[in-house]
Each structure stands twice: as C-alpha cells, then as structure tokens.
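Chemist: need coordinates for the below:
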Amino acid sequence: MQRRTFLASAAATGAAVALNPSLSMAQASNPLTAKWTGPYGGVPAFDKVKVADFKPALEAAMAKNLAEIDAITNNKAAPTFETVIAPLEDTGRLLNDVGTFYGIWGSTMSSPEFQAIEEEMDPKLSAHSDKITQNAALFARIEAVYNSPAKAKLTPEQQRVLWIYYRNFVRAGAKLSPEAKARVAAINTELAGLFTKFSQNLLADENTWIELSDADLAGLPEGLKAAAASNAAARKLPGKFIVVNTRSSVDPFLTESPVRAAREKVWRAFVNRGDNGGATDNNAIIAKILKLRVERAKLLGYKTHAHWRLETAMAKTPENAMALMEAVWTPAIAQVALDVADMQAIIDKENGGFKLEPWDYRFYAEKVRKAKYDLDMNEVKPYLQLDKLREGMFWASGQLYGFEYKKIEGLPVYHEDVTVYEVTRAGKHVGLWYFDPYARPGKRSGAWMNNYRTQERFKGEVTTIVSNNSNFIKGKPGEPVLISWDDATTLFHEFGHAIHGLNANATYPSVSGTSVARDYVEFPSQLNEHWLPTPQVLNQFALHATTGKPIPQALVDKIEAAGQFGQGFGTTEYLASALIDMKLHLAGDVDIDPDAFEREELAKLKMPKEIVMRHRTPQFGHVFSSDGYSAGYYSYLWADTLTADVAEAFEEAPGKFYDKPTAKRLYETIMSKGNTVDPVDQFKAFRGRDVKIGALMRKRGFPVPPGA
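Modeler: Numbering: from 1, shown residues only. Model prediction:
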C-alpha cells in the first residue's frame, strides 16, 4: 500500500485570504518551513523537527498557500493555461513540504503530544482544502480555460492536467449552491476529525501486547522467542516475552506456535482491535463516517459514496468492481473448502479432537504445504535475510530500469533505523530512497510507501524522494533479520511503488509518478512481486544466514511447485474485506451497526467460518483513516488483473522476466507515465489490447471463465 503526504496544490487545498505578516515571521524561524537545503536538490531536515513546531508551520504554510491562490484569482490577465493552471501547479509547495514532516510523524513517530496536534490541525487542513475547491473566482478562471478553444493547442500532458483540475473541482462541489458548499465543507471537516480519532484508536490498540507464559512458549522456534523477548525489552519488560498486537508480530506466531490455546489468545486480541467496547472502540466512529459520506455524495449529485469514488477509477462504477470480485469469490471459497478438508484430515489423524478454527488455519496450512509439496517454509526462512533481499530488489530493478543504488551517510533522518540510498541511472542522479524497516512504539503497523518529493520539470529538474516503511522485528546487534516469504513478497510489493515513483518522467507534478487512479497504482507494485521468486534473484540473494550458501535449487523448485498453494485463503480473506467495504458504501443513507452489518453480509456471502476478513471493519485503516481506499479496497484485485496479464507478457518473452525489450516497453508505456496518460491507454499501449481476466484466474489456480 502506498501512502502519500497530502497534496497542497490547488487540486487538493483551499480559498483566498491575505498572508498574515506574523506568520511570515514564524516561518522564518521555524525549521519545518525552511527551504530544503543540502545535496540532491535539498533534503528534509528531519534532525531539526520538534513537535511544538508543527502547528505554527502548518498555519504558516496554509496562509502562504492561500496568498498564492489570491494572486491567481486577482490576476487581471485573461484566463489561460499559463495564467491559471501553470501557477496552480506552483502553489502549495511549502504546505506539501511541511505535510511531508507531518505525515511521517503521524505514521512512524506518533506520541500523545503529536496526536493532540493532529486532533486540532486535521480538521483545519480539511477546511483549508475546501476553501480552495469552493473558491468561486478561482473555479471560474479554471472553467474558462477548460472551455476555451485554445485548449486544443495545449500539449497532451497540459490538456490532461487541465482536465484533472476541472474534474477535481467539480467533484469537490465547485458548482454547488453556497448552502450546499457550506454543508460539504462542514462534512469534510467533521470527517477529518473522525479519521484522526479512528487512526489514533487503532494505533493505541496496536501498541498493546499479549504476554506469553512459559506454557505459551512451548515449541516456539528460537527466532520467534528471541523476537518476543526483544519486543518485551523494547517496552522495558526485561525477562518477559510478548507478541505485539500488529500483523508483523501476530502472523508469524499463528503460523509457528504449536500451542493452540496461545494461538487463540493472540488471535482474539488481534482480530478485536478497535472492537473492544472501550475508549478505543471504533464502531460508533465508523457509523458516523458512513452517514457523513453518503450525505456528501448526495449533495455532490451521486447515488452513493461508492459511485462518487469510482467515477475517476479504472473500474468507473461499483457494479464493475463488484462483478470482478464476485467472479473471483466463488472459486476462492471453493478452494478454501478443499484446503480446510486437508487440514481437518491432519487434525483428525493426530487425534486433535477439534474442528479447525481461524486461529488454527495458518498453523495447519503449513502442515498441508509440507505434506503436499514437501515444502517447510521454516527451511526457506534462513535464506530470507532482510539486507540481502533489499540488495536483490536493487539488482532486479537495475536489470529492468538501469537503476544503481549507493548508501548515503550523513543525511538527516527522523530515526536511527532509517537508511538513505542515492538512486542513479547511467551515472545520472535519479532520486533518493529512504528505508525505515523496523517496528517500534508510535509507528503504525503494516508496510507502505511515501512520496517525500515528486519528480517534475515544470520549473527546472526536480528529482524524486521516496520511502519504504515496514514493521520487521529488529534482531540482536550483528544478527541478520530473517523474514517470512509473505513478508519478502510485501517488501518487493512496496518497493514496486517506490520504483514507480523513481521512474517518473513528467513535466507537471500533479500528474507525475504514483499520482494515478487507486485501482491502477497498485498494479506496478504488485507486478514487482514477480521478481522475488525468479531464479536470478534467489540464486544470488537468498543466501543462508549461517553458511552463506545460496538456496538449493531443489528448494526453489518446491517453492515454484507450491506457488498457487494458499490462494484460496489469501484471496478469501482479502476479498471479504473488499466486498464488505463496497457493500458498506453502497448501503445508502441508513443507520449501520458495523459489527452486525459485517456478520450479516459475510453470512450472505457464505464466508468460510475458518477465516476472518483480512481487515475487520473496526480496524480497517485503509477505509476509515481517510477517504483514500474507501469503496476502493477492491483496487488490489482490479490491479492484480492487470498485473497477471502483464506478467504473462514477460513469461511469453524470450528473456522471461528479464527480457530487455519487454522491460523497455513497460518503462516507456507505464512506469514513466504517471498520470500523464489515461491508465486504460497505458495498458493498451503495453499489451496491445484491453485487459483480460484469464491470466488472473490462471495465476490463482482458479477455473478460467469461457472467453476470458
């Protein structure tokens, strides 16, 4: 999943007021508003950040942004691309820079002091955005440019930038009555506060842990015991063993622990995040968010929030997204039934005396994998060293895109765990990649990518700064960090977002890099997962942590043979979340009890009782910490349809995944284009046709529908 700092240009922010002179004084003395200096076109001064500086910095940046908008609306020159749209591309740069710091602290360095600032400033930032998108004078000038015959003389990229501005303003309510505009703005402000509270509640629950007794530790692999001890030591609990209530800590425990009662204890704590009835319970917040979203959608002229959100996606309509999900759901749960039967057979053979439950699934799935494919993932893990896999990602991207990476010392970082690399191509600087790999208190769970700075040529060459963020458990000093195959896949996935940003080649920042439709942006990242299992990567970088020897070919063959194993589980747990997300946002203007809705709709879907949603509603940060993936979690499946189709193009090529002509075509038609070209046309330019679902079904081992 990629996470962007908020855009501060007029495409996303607010109306015009005069710049407050006192804020200019604050700006001059506040390190967060200082111009980025140093090498590589300037870098963020992370070493100078103080939490107390955030509020005045944001206020100064918003005021400057609004003054920039004033300059555009007060310009007496006739509205043209050069007098309206080009200046809009240059607005909000300070707010975007401050937003980079603000986003990083919110997701990786959170504290009670910072959270208090979020609660105050997030609604103000939302109101600021509405001031611009509801600025009648500004929209009149944008509309005049959009309707001008001179539009035909613009370059294709300029025409797309203009269209995006016009579309975004209309979708935000620029054509509404003053009364409707005011209500939309009030809704947005209230939602911003609810998103913040949801996120803080979830972070609070993820900062809890489950203490393990001696009985709970029985049979646990030494690596996980060491991680549990390390987690405890980091929280000043010497001599204790804990599982932190995050996916990166819980999933390995559920996979490896032979103690069923311990698995259940850990599983229940994890699946009930945000759903414990106390101060951090998110159900009431979700109900309110859903009501506000549907009210806003109706004010904007849409049937539901889902219809509003998908209008600008590749899917275009919720019905199209639902059709894809339903086509995959039936074979997915059918495969789960087969897999559950295999697991139950093992339980019965061992005289377990119980029926498989969700906390048993991962543990017994590994037993089935061993029985069917003679593949024990514990044999694989010693070859999956985090540092080596990072080098493997670098190498593969070098083969495809010509990138080279060099670790940089001395640049400011916000935490000692962060490392920085310069990225070059043919000796020319391309950008910087920041890597923040380890879990810690105050950092939200999961893995994501951020844009710190987007490539552009609008006012000189501006190079990319991106980051990848993970939650691996740091080992003892000097010891390699070993990760699971699933985590290695996620590592390559998030790096796919980063190289999408690093490959950007646009003139205007608003259409550069990963600024594309939500159900398209996950496609380059999912595609990058395919380079992990290639023999070229495994033979060079999957090296045993003790012996240094490469992973045996026999083990690689087993991994390949078992490639479709677990697709029923993975598809079902993901699709359950995606379907519930869409159904919640198609329900319309009704009062929703999130827990009851989840139970009832899953029952209608015939959800296998042995699996839970990957993200239950009260902890669904994708959907309720912002509007970002709301009615859009289906995007991963939509994008994977594109991914599977493009992957088959590589598989059909003479050089397979390292075929130079195919990689060149991928760069020229997709990876460098950002949002300068419609995503549908990007895919057609690469594949020579529209996408087909057949490759997706083949990839997952599901029956291929006729004609697909």
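Chemist: okay, strands next: where are they in the chain?
Modeler: Ranges of strands within the chain are 209-211, 242-244, 403-408, 419-425, 428-438, 448-453, 464-472, based on DSSP state E.
Chemist: please pull out the lowest mean pLDDT helix or strand from this protein.
Modeler: Ranking every helix and strand in the chain by mean pLDDT, DSSP states H and E puts helix 21-29 at the bottom, with a mean of 54.
Chemist: so what's the residue count around residue 86?
Modeler: Per other Cβ atoms under 10 Å, the neighbour tally for residue 86 reads 16. Placement of C-beta: from N, CA and C, glycine included.
Chemist: is it true that residue 591 touches residue 288?
Modeler: No. If you go by Cβ atoms under 8 Å, residue 591 and residue 288 don't touch, sitting 10.3 Å apart.
Chemist: quick one, which of the two is more surrounded?
Modeler: residue 288 (16 against 8).
Chemist: pLDDT score for the more buried one?
Modeler: At residue 288, the predicted lDDT confidence score is 98.
Chemist: quick check: the gap between it and residue 634.
Modeler: From residue 288 across to residue 634, the span is 23 Å (Cβ to Cβ, to the nearest Å).
Chemist: can you count the residues close to residue 536?
Modeler: Residue 536, neighbours per other Cβ under 10 Å, totals 15.
Chemist: let me see the contact set for it.
Modeler: By Cβ atoms under 8 Å, 6 or more residues apart in numbering, the contact list for residue 536 reads 396, 399, 658.
Chemist: for the second one, which non-adjacent residue is spatially closest?
Modeler: On the basis of Cβ to Cβ, 6 or more residues apart in numbering, the spatially nearest residue to residue 399 that is not a chain neighbour turns out to be residue 658, at 5.4 Å.
Chemist: could you pull out the buried residues of the helix ranked longest in the chain?
Modeler: Using DSSP state H to define each element, the chain has its longest helix at helix 318-349. Across helix 318-349, burial judged by 16 or more other Cβ atoms under 10 Å covers 318, 320-322, 324-325, 327-329, 331-333, 335-336, 339-340, 343-344, 347.
Chemist: got it, and stretch 90-109?
Modeler: In stretch 90-109, counting by 16+ other Cβ under 10 Å, buried: 91-109.
Chemist: among those, which are in helices?
Modeler: 93-108.
Chemist: how many residues are close by residue 573?
Modeler: For residue 573, the neighbour count with other Cβ under 10 Å is 20.
Chemist: got it, and residue 356?
Modeler: 21.
Chemist: that one against residue 344, yeah?
Modeler: Yes. Counting by Cβ under 8 Å, residue 344 is a contact partner of residue 356 at 5.4 Å.
Chemist: which residues sit against stretch 477-486?
Modeler: With Cβ under 8 Å, 6+ apart as the criterion, stretch 477-486 contacts 223, 251-252, 255, 377, 380-382, 384-389, 437, 472-475, 491, 545, 559.
Chemist: wait, stretch 306-315
Modeler: Residues outside stretch 306-315 that contact it (Cβ under 8 Å, 6+ apart) are 167, 171, 296-297, 300, 302, 316-318, 320-321, 324, 517-520, 582, 585-586, 627, 630-632, 634-635, 638, 679-680.
Chemist: sorry, back to before: of the contacts of residue 536, which is the most crowded?
Modeler: Result: residue 396 is most packed of these (other Cβ under 10 Å), 25 neighbours.
Chemist: quick one, phi psi at residue 92?
Modeler: Main-chain torsions, residue 92, degrees, to the nearest 10: phi 70, psi 10.
Chemist: how about the helices of the stretch 101-250 of the chain, start to end?
Modeler: In the stretch 101-250 of the chain, the helices defined using DSSP state H, counting those that start in this stretch lie at 112-133, 136-147, 156-171, 178-206, 222-234, 247-256.
Chemist: tell me which of the ones you listed lies nearest to residue 77.
Modeler: With Cβ to Cβ as the criterion, residue 77 lies closest to helix 136-147 of those, at 9.9 Å.
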